[in-house]
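Asks: below: sequence and its predicted model.
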Amino acid sequence: MRQKIILAFLCSFSLLTIAVADEAAINSVPDAATAEAEKNFFTDTLVQDGVKRGLDKSPELAERVEQFRKDQLAHMALEAATDEGMPDFTARAQELYQARLEKQYDLPLRLRVRVLEMNVPEGKEAEIRAQLEDIRSQVTSGKLEFQTAVMEHSQAGDLRLAQGDSYWFRKGQKSDAFFTSAESLSADKPLGEVFIDGSKAYLLGFLERKEAEVRSFDDVKAEIIAELQQEYRKDRQAVLLDSLREQYKQESGTTANAEAGLAHNEIK
């Protein structure tokens, strides 16, 4: 425990975070477990070095530890004061639920597909359609994985980033032709028919589907109340800090006046 406190103030941990996250120093971003193990290794190694150097007995470390304790105590006191008097927001949450129901909690059919998109130059409709039909045939026969086909043939601008993933969308967010094709897909029918929509040709593959639903109040109660509590904390904290600022002004003004009076008496 002592070693971790030493390192926290010896290295301020920000240097360790930068070292782990620096993409110039590593070829790929480590997963969470790897990053944590790496940080722990840095911590233990540098703590041992700090102890060897006698830094664990440094007066500066003791001062930093004491300052850290004060900062944390002040932070905890502010949190406790901020939560003081927190009301029961259940009734207000019910009001917000009703107000938001139609636009936010009455959810339509939502679809997610993988998209193979190709440009259709003028006069090349039949040629592009034939290319996509051939790809479709290879996929349905098992000779080609659809995701592989997308990565090899799709001409979508965001291909490298999205890898053909449309992400979730609902009616009105895509063209009618696109939505109709996506809507026809399912786990039992994972590949759509080739279709041309404007200057683009498409072949869609099924990823996920969420049927229309109405989220009940019980489903969303916790998140609405958490939102209201956060607003309460924010407002109350602002009031508390303003009060502390006024208190500081009054006390600093009283101190300044007292010092000025003392100096005047000394001159006399």
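Replies: The structure has been received and is ready for your questions.

Asks: run through who's touching stretch 218-237.
Replies: 78, 81-87, 89-90, 92-93, 96-97, 105 (C-beta atoms under 8 Å, 6 or more residues apart in numbering). All C-beta spots, glycine's among them, are computed from the backbone N, C-alpha and C.

Asks: at 6 Å what do you get?
Replies: When contacts are defined by C-beta atoms under 6 Å, 6 or more residues apart in numbering, stretch 218-237 is touched by residues 82, 89, 92, 93, 96.

Asks: where does pLDDT dip in the stretch 151-268 of the chain?
Replies: 255-268 (pLDDT under 70).

Asks: quick one: the strands in it, in order.
Replies: 169-170, 195-197, 200-210, 213-214 (DSSP state E, counting those that start in this stretch).

Asks: quick revisit: weed out the non-buried ones from the contacts of stretch 218-237.
Replies: Using 16 or more other C-beta atoms under 10 Å as the burial test, the contacts of stretch 218-237 include 82, 89, 93, 96 as buried.

Asks: now the helices for the stretch 51-200 of the chain?
Replies: Remark: helices assigned in the stretch 51-200 of the chain by DSSP state H, counting those that start in this stretch are 59-83, 90-100, 125-140, 146-153, 159-162, 176-183.

Asks: got the domain boundaries for the protein?
Replies: 2-83, 90-100+216-267, 109-211 (automatic domain parsing).

Asks: winner for burial among those?
Replies: domain 109-211 (a mean of 15; mean count of other C-beta atoms under 10 Å).

Asks: could you check the pLDDT of residue 25?
Replies: Looking at residue 25, its pLDDT is 44.

Asks: so which residue is smack in the middle of the protein?
Replies: residue 32 (14.7 Å; C-alpha atoms, centre = their mean).

Asks: got the helices of the stretch 51-200 of the chain as CSV, with distance to residue 209 columns?
Replies: As requested, the helices of the stretch 51-200 of the chain are arranged in CSV below (distance: least, C-beta to C-beta, whole Å):
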stretch, distance to residue 209
helix 59-83, 42
helix 90-100, 24
helix 125-140, 19
helix 146-153, 16
helix 159-162, 18
helix 176-183, 9
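
Asks: and the ones you listed: which comes nearest residue 113?
Replies: In terms of C-beta to C-beta, the element of the helices of the stretch 51-200 of the chain nearest to residue 113 is helix 176-183, at 4.8 Å.

Asks: that closest one packs against which elements?
Replies: With contacts defined as 3 or more C-beta pairs under 6 Å, 6 or more residues apart in numbering; DSSP states H and E, the packing partners of helix 176-183 are strand 195-197.

Asks: just to revisit the earlier point, tell me which of the contacts of stretch 218-237 is nearest to residue 170?
Replies: residue 96 (22.4 Å).

Asks: next up, the contacts around residue 208.
Replies: Going by C-beta under 6 Å, 6+ apart, residue 208 touches residue 112.

Asks: how much space between it and residue 108?
Replies: Distance of residue 208 to residue 108, given as C-beta to C-beta, to the nearest Å: 15 Å.

Asks: give me the distance between the closest residue to residue 117 other than its chain neighbours and residue 205.
Replies: Excluding its sequence neighbours, the residue lying closest to residue 117 (C-beta to C-beta, 6 or more residues apart in numbering) is residue 156, at 4.4 Å. With distances taken as C-beta to C-beta, residue 156 is found 13 Å from residue 205.
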